[in-house]
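1. sequence and predicted structure below; questions after.
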Amino acid sequence: MNWKNPVDRWGAVSQAFHWLIVVLIVVMAYLGLTMTDLPNSPHKISLYSLHKSIGLTILALVTLRLLWRALAGTPRVLDSIPHWQARVAAWTHWALYALLFAMPISGWVVNSAAGFPLQWFHLFNLPAIAHKDQALHALARSTHETLFWTLLAIVAVHAGAALMHHLVWHDATLARMLPRRWLRVRQPLQSPPMQDDRHVQRPRA
Amino acid sequence: MCNGRVRNTLITVFAALLAAPAWATEYVQSAGSSLVFAGTYQGEVFTGRFPGFETHLSFDPDHLDTSSLRVSIPLAAATTANSDYDGEMRGASFFNAARFPTAQYNATGFRKVGENRYATDGTLSLHGVSKPVTLQFTWTPGAHPVLAGKATVRRLDFGVGSGDWADTDLIPDDIAISTKVVLQPAQ
């Protein structure tokens, strides 16, 4: 198995980062959207703790993910993809990376400005990154929420594009972010080897 | 006219004189006093204070058995300096300050445990429950003597943090109380 990223697809490590973060974002969105309306109780506190712990985990994962990307490289853009699409895709990828940093950091500011402790899965505490301040708390909270809806919009574009590539244009964009043979692609992954070369007349040596 | 009421009053006064000998100095609280509490929450220490508490002390190092302490603690003003905590703490699940606005600590009879160090087993009345709580304190004599004390209050003994909040993994049972009372002789 090639751990780094080959030219034609994402390697196992990059894929693991991608899909793990996807799952965590889904959990985070569910927690974030439901926990705030609960009446104050130990149950609510435990959901907030979980939300904070997973958020910090995502912050660590996206940091590692970008370091890995720098080390392992990225696959080549598919030949079939127009230049403008590749540019839009690159822009959305970097916007997603930026939001994956901005979401946890803004949440950390929310927590710090409220003066709450920050504990990672009951194991260790992290310091506040902002002073306790009501106005800052309100600002960070609305920022955190706006960033979430922005993330959701860009995720929709990103996932929608991946599905379009797979279902409409039948290229390998989605398949190459999944283990080999999970998705059938009509078109080969890279510049297709000649399937019918047995019919080609080869000059005899 | 020497009716029964007057006689009873005289007996009461006489008994009071025996119980609290005239040489015990009466003190009241002066500026610079504090009464604070501390516990842990999610791996961090939280602290709070009880503004507006009032102390009356009758103290004579030579007559410890008749020395006494009375502390009155308003709960509606108790604060951790975090409004999210304070609302919950003063509310029905914890202090229920609307129903039990004041906590009271009364102790009579001190024990000497060291040089200028004493202990007393008083009674804390909090949240409708009265139970013994031991206060350890040092005494710094002077024109404005200072009583610096420590106690541990087991919140669940007093039903503070009931229901789901009784979970001691979230908020421990033992809450540390610390006080510094600057005193002045009562006028």
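-> That came through fine.
2. and chain A, which residues reach chain B?
-> Contacts of chain A with chain B, taken as C-beta under 8 Å from any C-beta of the partner chain, map to A:40-43, A:45, A:49, A:114-119, A:122, A:124-125, A:132, A:134. Any C-beta I mention is one placed from the backbone N, CA and C, and that applies to glycine too.
3. near the nearest residue to residue B:163 once chain neighbours are set aside, how many other residues are there?
-> In space, and not counting its chain neighbours, residue B:163 is closest to residue B:93: 6.5 Å by C-beta to C-beta, 6 or more residues apart in numbering or on different chains. Around residue B:93 there are 18 other residues, counting by other C-beta atoms under 10 Å in any protein chain shown.
4. now name the helix or strand holding residue B:93.
-> Taking DSSP states H and E as the definition, one finds residue B:93 inside no helix or strand.
5. quick check: phi and psi at the residue of chain A found nearest chain B.
-> Closest contact between chain A and chain B, by C-beta to the nearest C-beta, is at residue A:117 (3.9 Å). Torsion angles at residue A:117 (phi, psi; degrees, to the nearest 10) stand at phi -70, psi 160.
6. ok, now residue A:70?
-> The phi/psi pair for residue A:70 (degrees, to the nearest 10) is phi -70, psi -30.
7. let me know the pLDDT of it.
-> Per-residue confidence (pLDDT) for residue A:70: 96.
8. would you mind listing what in chain B touches chain A?
-> So chain B meets chain A at B:41-44, B:81-84, B:88, B:164-165, B:167, B:170 (C-beta under 8 Å from any C-beta).
9. and if we set it to 6 Å?
-> B:42-44, B:82, B:88, B:164, B:167, B:170 (C-beta under 6 Å from any C-beta of the partner chain).
10. tell me which element the residue lying closest to residue B:130 once chain neighbours are set aside is part of?
-> Setting aside the residues directly before and after it, residue B:130 is nearest to residue B:123 in space (C-beta to C-beta, 6+ apart), at 5.4 Å. Assigned by DSSP H and E, residue B:123 falls within strand B:117-126.
11. what residues sit buried inside that strand?
-> Residues of strand B:117-126 classed as buried: B:118-120, B:122, B:124-126 (neighbour count, 16 or more other C-beta atoms under 10 Å in any protein chain shown).
12. same question for stretch A:87-99.
-> By neighbour count, and taking 16+ other C-beta under 10 Å as the criterion, the buried residues in stretch A:87-99 are A:89, A:95-96, A:99.
13. picking up where we left off before, can you give the contact residues for the strand holding residue B:123?
-> Contacting residues not belonging to strand B:117-126 are listed as B:103-107, B:110-113, B:130, B:132-138, B:158 [C-beta atoms under 6 Å, 6 or more residues apart in numbering or on different chains].
14. can you check stretch A:15-27 too?
-> A:54, A:58, A:61, A:65, A:177.
15. who does the helix ranked longest in chain A touch, helix- and strand-wise?
-> Scanning chain A for the longest helix, with DSSP state H as the assignment, gives helix A:134-167. Applying 3 or more C-beta pairs under 6 Å, 6 or more residues apart in numbering or on different chains; DSSP states H and E, we find helix A:134-167 packed against helix A:83-114.
16. average pLDDT for the helix it packs on, rounded please.
-> Average pLDDT, helix A:83-114: 97.
17. and that helix with helix A:134-167, angle?
-> Counting by axes from the mean of the first three to the mean of the last three C-alpha atoms, to 10 degrees, helix A:83-114 lies at 150 degrees to helix A:134-167.
18. what pLDDT, on average, does the helix or strand following helix A:83-114 get?
-> Once helix A:83-114 ends, the next helix or strand along the chain (criterion: DSSP H and E) is strand A:119-120. For strand A:119-120, the mean pLDDT works out to 98.
19. need the contact partners of strand A:119-120.
-> Contacts of strand A:119-120 (C-beta under 6 Å, 6+ apart): A:53, A:56, A:125, B:42-43.
20. of those, buried ones?
-> Buried by 16+ other C-beta under 10 Å: A:56, B:42, out of the contacts of strand A:119-120.
21. the helices in chain B, which residues?
-> B:4-19, B:83-90.
22. out of those, point me to the one whose mean pLDDT is lowest.
-> Across those, helix B:4-19 has the smallest mean pLDDT, namely a mean of 59.
23. so where do the strands sit in chain B?
-> B:25-29, B:34-41, B:44-49, B:54-59, B:68-74, B:102-108, B:111-114, B:117-126, B:129-140, B:146-154, B:174-185 (DSSP state E).
24. rewinding a little: same list (the contacts of strand A:119-120) but as TSV, adding distance to residue B:176 and pLDDT.
-> Converted to TSV, the contacts of strand A:119-120 look like this (distance: C-beta to C-beta, whole Å; pLDDT from 0 to 100):
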residue	distance to residue B:176	pLDDT
A:53	28	98
A:56	29	98
A:125	19	97
B:42	17	93
B:43	16	90
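25. any idea how far residue B:30 is from the nearest residue to residue B:116 once chain neighbours are set aside?
-> Distance criterion C-beta to C-beta, 6+ apart; nearest residue to residue B:116, sequence neighbours excluded, is residue B:139 at 4.9 Å. Residue B:139 sits 15 Å away from residue B:30, going by C-beta to C-beta, to the nearest Å.
26. residue ranges with poor pLDDT in the chain?
-> Since you didn't name a chain, this refers to chain A. Applying pLDDT under 70 to chain A flags residues A:1-2, A:187-205.
27. I was thinking of chain B, sorry if that wasn't clear
-> Along chain B, the model assigns pLDDT under 70 to residues B:1-23.
28. quick check: residue B:182 touching residue B:144?
-> Yes: Residue B:182 is within contact range of residue B:144, at 5.4 Å (criterion: C-beta atoms under 6 Å).
29. for residue B:183, which non-adjacent residue is spatially closest?
-> Nearest to residue B:183 is residue B:27, by C-beta to C-beta, 6+ apart, at 3.9 Å.
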